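[1] What follows is a predicted protein model with its sequence.
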Amino acid sequence: MSQRPLRVVRAIARLNVGGPARQAILLHTALRSRGFDTVLVHGTVSPGEADLEDLLPADRDGVLKVPELGARIRPLDDLRALAAMTRTVFRERPDVVHTHTAKAGALGRLSALAYNLTRRRSRRCLVVHTFHGHVFEGYFGAAGNAALRTSERLLARVTDRIVALSPRQQSALVERFRIAPARRVHVVPLGLDLDAFIDVGAIDGTFRETLGFPRQAFLVGCVGRLVQIKDVGTLIEAVRIALPEAPSLRLAVVGDGPERAALERRVQELGLHERAAFTGWRRDLPAVYAGLDAVALSSRNEGTPVALIEAMASGRPVVATAVGGVPDVVEHERTGLLVPPGDARRFAAALVRLARDPAGSARMAAQARAEVERYRFPHLLDAIEALYRSGLDSRRG
């Protein structure tokens, strides 16, 4: 087994803009280049979401789209997606079934369970699930959160290896939410293609000029989905509070989502329409970071935030809320500034500090750029391959 390429079926609910989709696509193409026989199963993005399907191989070799698979709970479509997933697993006879995101994690692991129940031990597949974050709080009510925790605990019992992206996430899964025992939860940091971001140099005024901001402005950007959990409203309020002490401050909101209209109305209500701009989705992210003086993240819950890693690789100072896996990425006062979630005044004070202390901001950004090496994709690829092979030795041994 250790000498031959492995056959892997990977599943993700949808290839929307974000870290999970980027990682799933990168692993699919990179493992195939190493000789693995891989199949990537994905679903359909939700209305209003941008997708990353253009990052897939042009020939779509080894890629299967299941239209019924998606983020939202739709019982009939979910049953059809489960049937399609199960047919794929039985057809491919994989050595590994690896799932990403909650919906695909449930359907993919149930399919793997059905497959393993029909195989002798030496032919069963290794079942792996990656938690890119979690939805156990901040997304649903108390009853919904409890139901999700219960279902994940049950699914964990048929999962051989659970991947957490950071030590804090591992601790949350094991100790706080009691999803699985520590022996089954492995930390494998996120891996990204960072070359284009590391190549970003000094501030380029082109991006800010397209937004109508002056070159001398101190431009702060946030990059990501505009959804409630990202709490961009707190960031907008922080900009309002910070302006008297940092009048050159401007805000670029890069991304889109269901909260955009409400956020734009809030900007108008606060009289910030000349100091804040919404760009929608942008694919030229290295150019975006090249035009920013700093990057902000105001989320109330996070896994491992891709935007912060990209900003740090680009040499931009960051300020973020100390939630989820963020403190594993940003060390307060050393590689960035951390503030409590939902605290607009503390966030404003951090923005003022970055704007007023360019030398200190540059020192933190340089230290962050030096340490972001650990998030380069080759490290993830080696770790995942090692996890697969050691897990199979245990699963079939």
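    Yes, it's here. These numbers come from a predicted model, not from an experiment.

[2] hang on, Asn301 packs against Gly324?
    Yes. Using C-beta atoms under 8 Å, Asn301 is in contact with Gly324, at 5.5 Å. C-betas here are computed from N, CA, C, even on glycine.

[3] Report all helices and strands that the helix or strand harbouring Ala366 contacts.
    Per DSSP states H and E: Ala366 is located in helix 358-371. If contacts are counted by 3 or more C-beta pairs under 8 Å, 6 or more residues apart in numbering; DSSP states H and E, helix 358-371 sits against helix 306-313, helix 344-356.

[4] what does it contact?
    Residues outside helix 358-371 that contact it (C-beta atoms under 8 Å, 6 or more residues apart in numbering) are 198, 294, 312-318, 330, 333-337, 353-354.

[5] mind listing which of these are in helices?
    Ile198, Met312, Ala313, Arg353, Leu354 (DSSP state H).

[6] Take the helices and strands packed on helix 358-371 and write them to TSV, including mean neighbour count, distance to Arg121 and mean pLDDT.
    Conversion of these to TSV gives the following (neighbours: other C-beta atoms under 10 Å; distance: least, C-beta to C-beta, whole Å; pLDDT from 0 to 100):
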stretch	mean neighbour count	distance to Arg121	mean pLDDT
helix 306-313	26	38	97
helix 344-356	20	54	98
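
[7] wait, which of those helices is closest to Asp231?
    helix 344-356 (9.8 Å; C-beta to C-beta).

[8] got the contact list for that closest one?
    By C-beta under 8 Å, 6+ apart, helix 344-356 touches 218, 220, 234-235, 237-242, 245-246, 248-249, 293-294, 296, 298, 317, 319, 321, 337, 339-340, 360-361.

[9] Show me those that map onto strands.
    If you go by DSSP state E, those have Phe218, Val220, Leu249, Ala294, Ala296, Val319, Thr321, Leu337, Val339 in strands.

[10] The helix holding Ala366 relative to helix 344-356, how many degrees between them?
    With axes from the mean of the first three to the mean of the last three C-alpha atoms, to 10 degrees as the basis, helix 358-371 and helix 344-356 are set at 100 degrees to each other.

[11] helix or strand right after helix 358-371?
    Immediately after helix 358-371, counting by DSSP H and E, sits helix 377-396.

[12] tell me what that following helix is packed against?
    Using 3+ C-beta pairs under 8 Å, 6+ apart: helix 377-396 touches helix 19-33, strand 96-100, strand 126-131, strand 161-164.

[13] Also compute the angle for it relative to helix 19-33, please.
    80 degrees.

[14] And helix 377-396, how far out from the chain middle?
    Relative to its parent chain, helix 377-396 has a centroid offset of 21 Å by C-alpha atoms, centre = their mean, to the nearest Å.

[15] Next: stretch 208-222.
    26 Å.

[16] Stretch 22-40 now?
    18 Å.
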